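Engineer: below is the sequence, then the predicted model.
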Amino acid sequence: MTIEKYLVKKASLSTLFDKIKASGKTIKAPVKKRHTTDFAAVGSLDETTDDYITTAQSAKSAVFPRVEKLFGYVKSKNGVELVDYDLSTIPETVLWGVRPCDAAGFDPLNAIFNWDINDVIFSTRLARTTIVGFACAKADSSCFCTSVGGNPGSTAGSDLLFTKLSNGDYLAEIITEKGKAIQALAPELFEAAPSEEKEQNLATVEQKFTREEIKAKAEQYFESDVWKEQAQRCISCGTCAFVCPTCACFDIQDEGHGKHGQRIRIWDSCGFSLFTQHTSGHNPRETQGRRWRQRVMHKFSYMPDRQSVYGCVGCGRCSRACPADMNLLEHLQQIVKL
């Protein structure tokens, strides 16, 4: 649908929030707890914060939980009965306060989970999730969304995007039918579009390279020593994968308790030393340099080739969270210069 633009007064934002809550939807929004800000279930706008560049964790857990049951089973003398996941238990959820980089991450996730077959559980979660984005008014040195196809005011991935204007009111851009449904909860709050330009209220993020440049150089220098050099600091903790909006690696495990049990999937990382180890004991990526190369190649080469989408949105979380101070932006700039 064509993007529709409106003005929503600052004082009307809490009213809209209350209308969404009254509709029965679960709302998850950024909440500040001591020194971190993360998404959590909330009951009012007063519980949320807008004083953040990005949340510590991405919003992906709304559609790809850290631990998720796939099905259950019950053993009896007649055999094993499988119990399918009850899709009706997945709630209608509104993600409020999602930054454009996070919103852009849902497209790569969808491409991965529905690449060859439809992942019904993931697709149901995504279908029942509405993304209310808020454009970025500030950025830091780890942000590089403009280098990977995004920008601080991008509408990609959001159903409704708010941009804060100079007087404190908001430009509301309705992007999808889900966004339209949010507007329908309180149409009187959406007034004629403001004349103020959106761009003047956005953070400035300098473009350092293009994702196409990274793809070309990474493929050209596949056997370069740069991967080993960049990975020397890496301690294989997996933090970068767990905070990333687009990382979708998972392990599958069975948990049994007597005659009952379940199969679950849990987050995993290609940076872990056992991620590709074979039953024979052979590991085709036995060094951290090879595992680091796989991470970059997957996001900038394999995904665009296979799923026609890149696997990095430039949020900078991996660099901020890394305990060994590995900086993805710096590493990508080094690759471009090869």
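Structural biologist: Great, that's in hand. Residues are numbered from 1 along each chain as shown.

Engineer: please make it C-alpha for all contacts and neighbour counts, starting now.
Structural biologist: Fine.

Engineer: now do the helices in the stretch 1-150 of the chain.
Structural biologist: If DSSP state H, counting those that start in this stretch is used as the criterion, the helices of the stretch 1-150 of the chain fall at 13-22, 100-104, 106-113, 120-127.

Engineer: could those helices go into JSON lines alongside mean pLDDT?
Structural biologist: Listed next are those as JSON lines, based on pLDDT from 0 to 100:
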{"stretch": "helix 13-22", "mean pLDDT": "98"}
{"stretch": "helix 100-104", "mean pLDDT": "98"}
{"stretch": "helix 106-113", "mean pLDDT": "97"}
{"stretch": "helix 120-127", "mean pLDDT": "98"}
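
Engineer: how far away is the residue most central in space within the chain from Asp225?
Structural biologist: Against the mean C-alpha coordinate of the chain, by CA atoms, centre = their mean, the closest residue is Pro245 at 2.6 Å. Separation of Pro245 from Asp225 (CA to CA, to the nearest Å): 28 Å.

Engineer: re the thing from before, just name the most buried of the helices of the stretch 1-150 of the chain.
Structural biologist: Among these, ranked by average contacts under mean count of other CA atoms under 10 Å, first place goes to helix 100-104 (a mean of 28).

Engineer: run the chain-centre distance for that one.
Structural biologist: Relative to the centre of its chain, helix 100-104 is centred 7 Å away, using CA atoms, centre = their mean, to the nearest Å.

Engineer: by contact count, what packs against that helix?
Structural biologist: If you count contacts as 3 or more CA pairs under 8 Å, 6 or more residues apart in numbering; DSSP states H and E, helix 100-104 packs onto strand 129-134.

Engineer: list the contacts of the strand it packs on.
Structural biologist: For strand 129-134, contacts defined as CA atoms under 8 Å, 6 or more residues apart in numbering pick out 62-63, 92-100, 103, 157-164, 178-179.

Engineer: try 7 Å this time
Structural biologist: Identification of contacts with strand 129-134 by CA atoms under 7 Å, 6 or more residues apart in numbering yields 92-100, 158-163, 178.

Engineer: you'd agree Cys270 is in a strand?
Structural biologist: No: under the criterion used here (DSSP: H, G, I helix; E, B strand; the rest coil), Cys270 is coil, not part of a strand.

Engineer: report the separation between it and Arg293.
Structural biologist: From Cys270 to Arg293 the distance is 10 Å (CA to CA).

Engineer: again with Ile182
Structural biologist: Per CA to CA, Ile182 is found 42 Å from Arg293.

Engineer: what does Leu45 give?
Structural biologist: From Leu45 to Arg293 the distance is 42 Å (CA to CA).

Engineer: of the two, who's got more company?
Structural biologist: When Leu45 and Arg293 are compared for neighbours, Arg293 comes out ahead with 21 against 17, by other CA atoms under 10 Å.

Engineer: isn't there a helix covering that one?
Structural biologist: Yes: counting by three-state DSSP, Arg293 is found in a helix.

Engineer: what's near enough to touch it?
Structural biologist: Trp227.

Engineer: again with the one 10 residues further on
Structural biologist: Residues counted as contacts of Met303 (CA under 7 Å, 6+ apart) are 309-311.

Engineer: that one sits in which helix or strand?
Structural biologist: In this assignment (DSSP states H and E), Met303 forms part of helix 303-307.

Engineer: could you point out which element follows that helix?
Structural biologist: Heading C-terminal from helix 303-307, the first helix or strand you meet, by DSSP H and E, is helix 317-321.

Engineer: distance from that following helix to the middle of the chain?
Structural biologist: For helix 317-321 - counting by CA atoms, centre = their mean - the centre lies 14 Å from the chain centre.

Engineer: now swap in stretch 174-191 and tell me
Structural biologist: From the chain centre to the centre of stretch 174-191 is a distance of 24 Å (CA atoms, centre = their mean).

Engineer: how about the contacts made by Pro152?
Structural biologist: Taking CA under 7 Å, 6+ apart as the test, what Pro152 contacts is 100, 135-136, 202-203.
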